[in-house]
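S.K.: Sequence isn't available, so here's the structure alone:
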């Protein structure tokens, strides 16, 4: 027992994995400390070479500042570069993805004795420390082979967690006070394939849960999908989202990566733009003003000006609520690293700026369409996140005290400098949220 500090790099799945390890140590009597920790657990990411560099840099700094601190390296970088990490100063343990994700193995590596009671601890987590929203990792691994991605080689094949186990975890998280649960993983659209099920089965199961507090009163909560490929938004999944519109956020993060078919083929993506657009049309036909968000890579090897022009046209056409634009970064060990040099750096910077500007304009148009709609906001103070992934301000004068944990509001648009923002006014009748 002692004091421990956790540092997490990377995705929602990594943040979830950190919470699993946090709870394993807290159960043993460890306490968290930002400073003077006896143990620092660094959960790493290896999506880009830069992510690895930052993790190694952190370890060297931790050792300089407090040479006696022991360091445990976990996560994807620990899987892909274990020998490099073992050579860093202060590093006592390097635990790959398989070892670190099983708390019993993690504890044993740290020299902790395992009691019989700990063998029966429920799978998953009981809370998401320090967050209003909780992440729920529903699967791990990926069966695809995108040219730019190293994750399948460090996470392995897709493995789904059982629906009953996940349902029990959602109940625990909601009872712990989390009002939004984000379903995350490495490739969540593949949940259930190894179980003879599909993602729609899980979402429906979770949406029908009825958690209650200690006094038996119902507790409200919302689900959100973290990221799903456009080709995996099936008609059945859309039926579930439409049927449970109050329980599941009308927001789909569907990675785009490029809006040009030739570049998508070089990326080894499995869809083309007509399929992506068709998916957007299907979603719009079933959900009221759904929010589309996406990732786009600019400067992929072989991307010419005409390819980028196609991407820009597609971004304008789709009208994303938010777009994350990344310059291509060659990751050693991936197929893309062998495809040749990317476009000149000045061209990539210009394309990124142009696409970011188009994304900003599209987000403004999307916000304008939301004026007058009802939505549900998860507040933190008097600012919150709506179901459609928008920041919404809540006027203190509209509420007697703090807003409720799930605030049902009518959205209004207000000017803010050269852009706009959303304000949420309380609904007179909770049933209005379906309007």
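M.R.: Received, thanks. Because the structure is predicted, anything quoted here is derived from the model rather than measured. Numbering: from 1, shown residues only.
S.K.: only C-alpha atoms for contact and neighbour calcs from this point on.
M.R.: Will do.
S.K.: Not counting sequence-adjacent ones, nearest residue to residue 31?
M.R.: Of all residues not flanking residue 31 in the chain, residue 3 sits nearest, at 4.9 Å (C-alpha to C-alpha, 6 or more residues apart in numbering).
S.K.: OK, contacts around residue 224?
M.R.: The neighbours of residue 224, taking C-alpha atoms under 8 Å, 6 or more residues apart in numbering as the test, are 180, 181, 182, 183, 248, 249, 251.
S.K.: Who wins on neighbours among those?
M.R.: The residue in these with the most neighbours, by other C-alpha atoms under 10 Å, is residue 180 (27 neighbours).
S.K.: what's the pLDDT at that residue?
M.R.: What the model reports as pLDDT for residue 180 is 97.
S.K.: any idea how far it lies from residue 137?
M.R.: 14 Å (C-alpha to C-alpha, to the nearest Å).
S.K.: Point out where this structure drops to low pLDDT.
M.R.: In the predicted model, the chain carries pLDDT under 70 at residues 98-102, 115-122, 429-435.
S.K.: Show me how it divides into domains.
M.R.: 3-120, 125-249, 374-434 (automatic domain parsing).
S.K.: Which among those is found nearest to residue 349?
M.R.: Closest to residue 349 of the domains of the chain, according to C-alpha to C-alpha: domain 3-120, at 17.6 Å.
S.K.: residues touching the residue nearest to residue 31, list them.
M.R.: Contacts of residue 3 by C-alpha under 8 Å, 6+ apart are 30, 31, 32, 33, 36, 37, 38, 39.
S.K.: could the contacts of residue 224 go into a markdown table alongside distance to residue 269 and secondary structure?
M.R.: Below are these laid out as a markdown table (distance: C-alpha to C-alpha, whole Å; DSSP: H, G, I helix; E, B strand; the rest coil):
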| residue | distance to residue 269 | secondary structure |
| --- | --- | --- |
| 180 | 31 | strand |
| 181 | 29 | strand |
| 182 | 25 | strand |
| 183 | 23 | strand |
| 248 | 28 | strand |
| 249 | 27 | coil |
| 251 | 22 | strand |
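S.K.: Nearest to residue 157 among these?
M.R.: For the contacts of residue 224, the closest approach to residue 157 (C-alpha to C-alpha) belongs to residue 183, at 18.5 Å.
S.K.: List the buried residues for stretch 70-85?
M.R.: Buried positions in stretch 70-85, judged by neighbour count with 16 or more other C-alpha atoms under 10 Å: 70-80, 82, 85.
S.K.: any chance of these in a markdown table, with secondary structure and distance to residue 164 too?
M.R.: A markdown table is the format used below for these (DSSP: H, G, I helix; E, B strand; the rest coil; distance: C-alpha to C-alpha, whole Å):
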| residue | secondary structure | distance to residue 164 |
| --- | --- | --- |
| 70 | strand | 37 |
| 71 | strand | 35 |
| 72 | strand | 32 |
| 73 | strand | 31 |
| 74 | strand | 28 |
| 75 | strand | 26 |
| 76 | helix | 28 |
| 77 | helix | 31 |
| 78 | helix | 31 |
| 79 | helix | 29 |
| 80 | helix | 32 |
| 82 | helix | 35 |
| 85 | helix | 37 |
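S.K.: What is the most widely separated pair among the residues you listed?
M.R.: Using C-alpha to C-alpha, the buried residues of stretch 70-85 reach their maximum pairwise distance at 70 and 80, which is 21.2 Å.
S.K.: count of neighbours near residue 113?
M.R.: As a burial measure, residue 113 scores 12 neighbours (other C-alpha under 10 Å).
S.K.: Could you confirm it falls within a helix?
M.R.: No. In this structure, residue 113 is coil, not part of a helix, as judged by DSSP: H, G, I helix; E, B strand; the rest coil.
S.K.: Which residues belonging to stretch 189-197 are considered buried?
M.R.: Those would be 189, 190, 191, 192, for stretch 189-197 by 16+ other C-alpha under 10 Å.
S.K.: Quick one: residues in contact with that stretch.
M.R.: Contacts with stretch 189-197, where a contact means C-alpha under 8 Å, 6+ apart, come from 138, 139, 158, 159, 160, 161, 198, 199, 228, 229, 232, 233.
S.K.: who's in contact with the third one?
M.R.: Counting by C-alpha under 8 Å, 6+ apart, residue 158 touches 139, 140, 141, 142, 143, 187, 190, 191, 194.
S.K.: quick one, phi/psi of it?
M.R.: Here the main-chain torsion angles of residue 158 (degrees, to the nearest 10) amount to phi -70, psi 130.
S.K.: what's the distance between the closest residue to residue 176 other than its chain neighbours and residue 174?
M.R.: Nearest residue to residue 176, sequence neighbours excluded (C-alpha to C-alpha, 6+ apart): residue 127, at 6.0 Å. From residue 127 over to residue 174 the distance is 8 Å, taken as C-alpha to C-alpha.
S.K.: Run a quick neighbour tally on residue 1.
M.R.: So residue 1, with other C-alpha under 10 Å, has 12 neighbours.
S.K.: Identify the residues contacting it.
M.R.: 28, 29, 30.
S.K.: can I get those in CSV with distance to residue 204, neighbour count and secondary structure?
M.R.: CSV is the format used below for these (distance: C-alpha to C-alpha, whole Å; neighbours: other C-alpha atoms under 10 Å; DSSP: H, G, I helix; E, B strand; the rest coil):
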residue, distance to residue 204, neighbour count, secondary structure
28, 36, 15, coil
29, 37, 12, coil
30, 38, 18, coil
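S.K.: mind putting those residues in JSON lines, distance to residue 285 included?
M.R.: Output for the contacts of residue 1, formatted as JSON lines (distance: C-alpha to C-alpha, whole Å):
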{"residue": "28", "distance to residue 285": "51"}
{"residue": "29", "distance to residue 285": "52"}
{"residue": "30", "distance to residue 285": "51"}
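S.K.: Which one of those residues is nearest to residue 291?
M.R.: In terms of C-alpha to C-alpha, no member of the contacts of residue 1 lies closer to residue 291 than residue 30, at 41.4 Å.
S.K.: Mind listing the residues bridging to residue 326?
M.R.: Residue 326 has these beta-bridge partners by DSSP bridges: residue 297.
S.K.: thought it was touching residue 351?
M.R.: No. Assessed by C-alpha atoms under 8 Å, residue 326 is found out of contact with residue 351, at 10.2 Å.
S.K.: quick one: which of those two has more around it?
M.R.: residue 351 (20 against 16).
S.K.: The more buried one and residue 321, how far apart?
M.R.: 19 Å.
S.K.: Would you agree residue 89 is in contact with residue 60?
M.R.: Yes. Contact status for residue 89 versus residue 60: in contact at 6.5 Å, counting by C-alpha under 8 Å.
S.K.: I appreciate the help and will end here.
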